[in-house]
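In: Predicted coordinates and the sequence they were generated for:
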Amino acid sequence: MRVLSSLITIEKSGKGAVYLQIANQLVALVRAGTLQPGHKLLSTRELAANLKVHRRTVVQAYDELLAQGWLESHTGRGTFVTKHLPTMQPASGGTRSTVLPKSQKEAGFTFEKLSHLNRPVLKPVNRLHLDDGFPDPRLAPRAELARAYRSQLLQGNAYSRLGYGETKGSAWLRQELSSHLNETRGLTTTTDNILITRGVIMGVHLVSTLLIKPGDHVAVDSPGWFSATMNFVHAGATVTEIPVDEYGMDVSALERLCEQKPVRMVYVTSHHHYPTTVALRADRRIALLQLAAKYKFAVFEDDYDYDFHYLSKPLLPLAGADSHQMVLYCGSFTKTISPAFRVGYLVGPEDVITELALLRRIIDRQGDQMLENAIAELLQTGVIQRHLRKSMRVYKQRRDHFCDLLKSQLGDSVNFEVPDGGMAVWTRFDTTINLTHLASRALREDLYFSGATSEIEMRNNAIRLGFASSDLNELEESVAIIKKLL
């Protein structure tokens with residue numbers, strides 16, 4: 001044991017407590033077979049002297065392993081490796097490396113790496129950014145939200161406020177949302193028609209898990225949002241892409257699909273189509289709802305940035321005109337406030353919402369009640385509504401300025417339509433321009449934008465360039481960099 005104690009190394013400047021370092025390395029020696037069951041350990045005084053640590057530290061290490069069952073102590077005889085452990089074959093060699101834990105990089109068991117999940121996570125950290133269409137957090141009502149959150153945290157009955165809540169989400173937020181959605185979107189909801197989620201992506205996942213069985217047919221708009229498609233593929237669906245033109249999803253193509261196959265669900269971004277930002281035309285909206293009623297498929301309406309429409313009043317959601325209860329409507333505060341605040345909502349028939357709440361419970365017992373109640377307060381006091389009006393003016397100014405810059409500075413290198421709403425411009429580049437290479441070079445200039453990564457982007461040589469999160473000077477600087485690189 002005196003020889004083996006030389007295999008234990010102490011890093012007193014490390015983050016881990018010294019007694020835990022000793023305990024973990026003793027366990028590693030047992031697991032490696034270097035210390036066999038029944039082996040007698042040095043006394044705490046002797047091991048402490050060998051390791052040059054305080055005896056109390058070794059006592060703590062032994063006590064920890066006694067409690068875990070690795071060691072057993074016999075009065076008057078000493079401390080031993082527990083006899084009931086299975087016998088381990090000593091590792092060959094005897095060097096220190098044979099008893100250290102293996103790398104944490106690779107699992108010892110097998111698992112399948114799912115190819116449909118293989119997509120990079122966007123997290124722009126550059127000073128300049130033409131992102132996917134994110135809001136500007138500098139405009140967010142952060143002070144009001146902080147005050148409301150603090151109020152929720154410190155006031156009222158702590159047991160009820162800081163304890164478990166409803167799986168459907170904060171009752172207060174659902175009440176305020178019901179009123180807000182009914183007033184602004186023409187819906188006819190009650191609190192029982194609303195489930196609070198962590199964002200649209202959670203809504204997509206829950207609905208996919210509940211409604212889709214392996215082999216079911218799901219129709220999506222093309223080009224479309226890859227994260228939604230990932231969920232449908234993950235649920236085992238057969239995904240069919242329905243083309244999108246300047247008037248939104250081609251509903252005639254969808255009808256032909258319905259005549260051939262039993263469609264279970266249609267996913268659509270009807271207001272500002274992702275990624276092109278075009279709106280689904282009124283006649284196609286009516287036709288889509290008629291097809292849903294006829295063929296009995298669910299419609300998942302992703303309304304990710306409804307609040308930002310710059311020409312006139314935005315088109316009302318499909319859900320508001322749905323007389324057969326075929327539409328599940330989903331939105332979030334991600335674009336309203338900031339992506340960091342993971343609060344979304346899913347609206348649908350009461351029986352479906354109740355079942356989705358039961359499903360949500362097994363993956364996420366509830367959301368952040370404090371944050372949900374804080375947002376409810378901001379809705380009730382009109383803070384969010386005022387923020388939206390202010391943001392709309394700012395984002396419209398940025399859209400106009402950015403589109404003028406694209407025309408005047410990049411000329412024939414780009415082609416685009418000025419979007420009626422949203423936070424990004426679907427920008428098609430000249431086919432001679434390698435967007436992936438251009439994005440990589442831009443990063444060296446501290447400018448982030450996505451290179452063409454999806455098949456749709458590569459086929460069209462087009463990407464979304466977000467304007468909302470940058471002020472006018474930042475937009476000018478960003479376009480100047482692209483112009484220089486081109």
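Out: Arrived safely, thanks for sending.
In: Check which element follows whatever helix or strand R386 lives in along the chain.
Out: In this assignment (DSSP states H and E), R386 forms part of helix 383-410. Following helix 383-410 in sequence order, the next helix or strand is strand 414-416 (DSSP H and E).
In: name the helices or strands packed onto that following strand?
Out: helix 383-410, strand 424-429 (3 or more C-beta pairs under 8 Å, 6 or more residues apart in numbering; DSSP states H and E). In short, each C-beta sits where N, CA and C put it, glycine included.
In: before we move on, the earlier item: how about the helix holding R386: buried residues?
Out: 383-384, 387, 391, 395-396, 398-399, 401-403, 405-406, 410 (16 or more other C-beta atoms under 10 Å).
In: angle of it against strand 424-429?
Out: 20 degrees (axes from the mean of the first three to the mean of the last three C-alpha atoms, to 10 degrees).
In: What mean pLDDT does helix 383-410 get?
Out: Averaged across helix 383-410, pLDDT comes to 93.
In: for that helix, packing partners?
Out: Going by 3+ C-beta pairs under 8 Å, 6+ apart, helix 383-410 lies up against helix 369-380, strand 414-416, strand 424-429, helix 472-485.
In: 7 Å - rerun?
Out: Under the contact criterion of 3 or more C-beta pairs under 7 Å, 6 or more residues apart in numbering; DSSP states H and E, helix 383-410 touches strand 424-429, helix 472-485.
In: right, so those: which one is the most enclosed?
Out: strand 424-429 (a mean of 22; mean count of other C-beta atoms under 10 Å).
In: List the contacts of that one.
Out: 132-133, 275-277, 402-403, 406, 413-416, 419, 435, 460-467 (C-beta atoms under 7 Å, 6 or more residues apart in numbering).
In: Could you export the helices and strands packed on helix 383-410 as TSV, including distance to P317 and mean pLDDT?
Out: Shown next, in TSV, are the helices and strands packed on helix 383-410 (distance: least, C-beta to C-beta, whole Å; pLDDT from 0 to 100):
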stretch	distance to P317	mean pLDDT
strand 424-429	20	92
helix 472-485	30	95
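In: closest one to S222 among the ones you listed?
Out: strand 424-429 (13.6 Å; C-beta to C-beta).
In: Give me the sheet partners of that closest one and which way each runs.
Out: Strand pairing for strand 424-429, using DSSP bridges, gives strand 414-416 (antiparallel), strand 462-466 (antiparallel).
In: Which element is encountered next along the chain beyond that strand?
Out: Using DSSP H and E, the helix or strand that follows strand 424-429 in sequence is helix 435-443.
In: Could you tell me how far that next one lies from the centre of the chain?
Out: 25 Å (C-alpha atoms, centre = their mean, to the nearest Å).
In: Equivalent analysis for stretch 259-267, please.
Out: Counting by C-alpha atoms, centre = their mean, stretch 259-267 comes out at 27 Å from the chain centroid.
In: Run through who's touching that stretch.
Out: For stretch 259-267, using C-beta under 7 Å, 6+ apart, the contacting residues are 211-212, 216-220, 228, 254, 257, 295, 297-300, 302.
In: again with stretch 274-294
Out: By C-beta under 7 Å, 6+ apart, stretch 274-294 touches 223-225, 244, 246-249, 251, 254-255, 258, 268, 270-272, 299, 304, 315, 318, 321-322, 324, 326, 419-422, 424, 426, 464.
In: what about the helices in the stretch 101-250 of the chain?
Out: Listed in chain order, the helices of the stretch 101-250 of the chain (DSSP state H, counting those that start in this stretch) span 142-154, 158-161, 171-185, 200-211, 226-234.
In: Any regions of the protein where pLDDT drops low?
Out: Applying pLDDT under 70 to the chain flags the ranges 1-2, 14, 87-103, 120-122, 124, 452-455.
In: hmm, back to that, please identify which of the contacts of stretch 259-267 is nearest to R147.
Out: So of those, ranked by how close each gets to R147 (C-beta to C-beta), first place is D302, at 31.6 Å.
In: number of nearby residues for the closest one?
Out: 26 (other C-beta atoms under 10 Å).
In: For it, give the beta-bridge partners.
Out: Here D302, judged by DSSP bridges, has bridge partners C330.
In: With F416 instead?
Out: Going by DSSP bridges, F416 forms beta bridges with T427.
In: what's the spacing between it and K407?
Out: According to C-beta to C-beta, to the nearest Å, F416 stands 9 Å off from K407.
In: Go through the strands paired with strand 424-429 and pick out the most buried.
Out: strand 462-466 (a mean of 24).
In: hmm, back to that, of the contacts of stretch 274-294, grab the buried ones for PyMOL.
Out: Applying 16+ other C-beta under 10 Å to these leaves a buried subset, and the PyMOL line that selects it is:
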select buried, resi 223+224+225+244+248+249+251+254+255+258+268+270+271+272+299+304+315+318+322+326+419+420+421+422+424+426+464
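In: Now for S13, how many residues are close by?
Out: S13, neighbours per other C-beta under 10 Å, totals 5.
In: Check K40 too.
Out: 13.
In: Domain ranges for this protein, per the record?
Out: The chain breaks down into these domains under automatic domain parsing: 4-98, 128-134+386-485, 140-384.
In: Could you name every residue contacting both of F416 and K407?
Out: What both F416 and K407 touch, as defined by C-beta under 7 Å, 6+ apart, is an empty set.
In: re the thing from before, could you redo the helices and strands packed on helix 383-410 as TSV and give each row distance to S450?
Out: Shown next, in TSV, are the helices and strands packed on helix 383-410 (distance: least, C-beta to C-beta, whole Å):
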stretch	distance to S450
strand 424-429	10
helix 472-485	13
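In: And the ones you listed: which comes nearest L51?
Out: So among those, helix 472-485 is nearest, using C-beta to C-beta, at 56.8 Å.
In: so that closest one versus strand 462-466, what angle?
Out: Using the same axes, to 10 degrees: helix 472-485 against strand 462-466 is 150 degrees.
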